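1. Here is my input, please return the structure:
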Amino acid sequence: MEKPKTRKNGALTAIAVTTTIGTELAVTTLLGFYGGRLLDERLGTEPWLLVAGVLTGVGVGIFGIIQTMQRFFKS
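-> As a prediction, the model looks like this:
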(Lines give C-alpha, C1' and ligand atoms only; values in the text may rest on other atoms or scores of the structure.)
Protein backbone atom coordinates (compact mmCIF):
# COMPACT_ATOMS: atom_id res chain seq x y z
CA MET A 1 0.00 0.00 0.00
CA GLU A 2 1.23 3.44 -0.89
CA LYS A 3 1.19 6.13 1.78
CA PRO A 4 -0.38 9.45 0.87
CA LYS A 5 2.13 12.19 0.28
CA THR A 6 2.24 14.85 2.94
CA ARG A 7 3.69 18.30 2.66
CA LYS A 8 6.77 19.15 4.60
CA ASN A 9 6.35 22.06 6.98
CA GLY A 10 2.57 22.16 6.53
CA ALA A 11 2.08 24.41 9.54
CA LEU A 12 4.71 26.87 8.34
CA THR A 13 3.15 26.98 4.90
CA ALA A 14 -0.27 27.69 6.41
CA ILE A 15 1.17 30.50 8.53
CA ALA A 16 2.90 31.98 5.50
CA VAL A 17 -0.28 31.93 3.40
CA THR A 18 -2.33 33.44 6.23
CA THR A 19 0.22 36.21 6.75
CA THR A 20 0.33 36.91 3.02
CA ILE A 21 -3.46 37.17 2.83
CA GLY A 22 -3.70 39.53 5.80
CA THR A 23 -0.88 41.75 4.61
CA GLU A 24 -2.22 41.86 1.07
CA LEU A 25 -5.67 42.97 2.15
CA ALA A 26 -4.35 45.52 4.65
CA VAL A 27 -1.87 47.11 2.25
CA THR A 28 -4.29 47.43 -0.67
CA THR A 29 -7.02 48.88 1.55
CA LEU A 30 -4.63 51.39 3.11
CA LEU A 31 -3.30 52.43 -0.29
CA GLY A 32 -6.87 52.98 -1.47
CA PHE A 33 -7.67 54.97 1.67
CA TYR A 34 -4.66 57.28 1.48
CA GLY A 35 -4.88 57.64 -2.30
CA GLY A 36 -8.56 58.56 -2.11
CA ARG A 37 -7.94 60.98 0.74
CA LEU A 38 -5.13 62.67 -1.17
CA LEU A 39 -7.27 63.07 -4.26
CA ASP A 40 -10.20 64.34 -2.17
CA GLU A 41 -8.01 67.05 -0.63
CA ARG A 42 -6.69 68.15 -4.02
CA LEU A 43 -10.01 68.04 -5.88
CA GLY A 44 -12.37 69.03 -3.05
CA THR A 45 -14.65 66.04 -3.51
CA GLU A 46 -14.70 64.78 0.08
CA PRO A 47 -15.56 61.96 0.95
CA TRP A 48 -16.36 60.37 -2.42
CA LEU A 49 -12.89 59.52 -3.69
CA LEU A 50 -11.90 58.22 -0.27
CA VAL A 51 -14.86 55.82 -0.31
CA ALA A 52 -14.07 54.82 -3.91
CA GLY A 53 -10.42 54.29 -2.99
CA VAL A 54 -11.24 52.08 -0.03
CA LEU A 55 -13.70 50.00 -2.07
CA THR A 56 -11.18 49.69 -4.88
CA GLY A 57 -8.48 48.67 -2.40
CA VAL A 58 -10.71 46.00 -0.87
CA GLY A 59 -11.62 44.72 -4.34
CA VAL A 60 -7.99 44.52 -5.41
CA GLY A 61 -7.14 42.83 -2.11
CA ILE A 62 -9.84 40.20 -2.58
CA PHE A 63 -8.61 39.55 -6.12
CA GLY A 64 -5.08 39.11 -4.76
CA ILE A 65 -6.33 36.72 -2.08
CA ILE A 66 -8.06 34.62 -4.73
CA GLN A 67 -4.82 34.49 -6.74
CA THR A 68 -2.83 33.51 -3.64
CA MET A 69 -5.27 30.76 -2.71
CA GLN A 70 -5.24 29.36 -6.24
CA ARG A 71 -1.43 29.18 -6.18
CA PHE A 72 -1.50 27.60 -2.74
CA PHE A 73 -3.97 24.86 -3.66
CA LYS A 74 -2.29 24.23 -7.01
CA SER A 75 1.00 23.26 -5.38
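2. Show the model's pLDDT score for residue 70.
-> At residue 70, the model reports a pLDDT of 94.
3. now the one 3 residues further on
-> If you check residue 73, the pLDDT there is 87.
4. Secondary structure element for it, which one?
-> Assigned by DSSP states H and E, residue 73 belongs to helix 48-74.
5. helices and strands around that helix, which ones?
-> Secondary-structure packing of helix 48-74 (3 or more C-beta pairs under 8 Å, 6 or more residues apart in numbering; DSSP states H and E): helix 10-43. Where C-beta positions appear, they are placed from N, C-alpha and C, glycine not excepted.
6. Report all helices and strands that the helix it packs on contacts.
-> helix 48-74.
7. Could you pull out the buried residues of the helix holding residue 73?
-> The neighbour-count check on helix 48-74 (16 or more other C-beta atoms under 10 Å) flags 49, 50, 52, 53, 54, 56, 57, 60, 61, 64, 65 as buried.
8. For residue 21, state which of the residues you listed is nearest.
-> residue 65 (5.2 Å; C-beta to C-beta).
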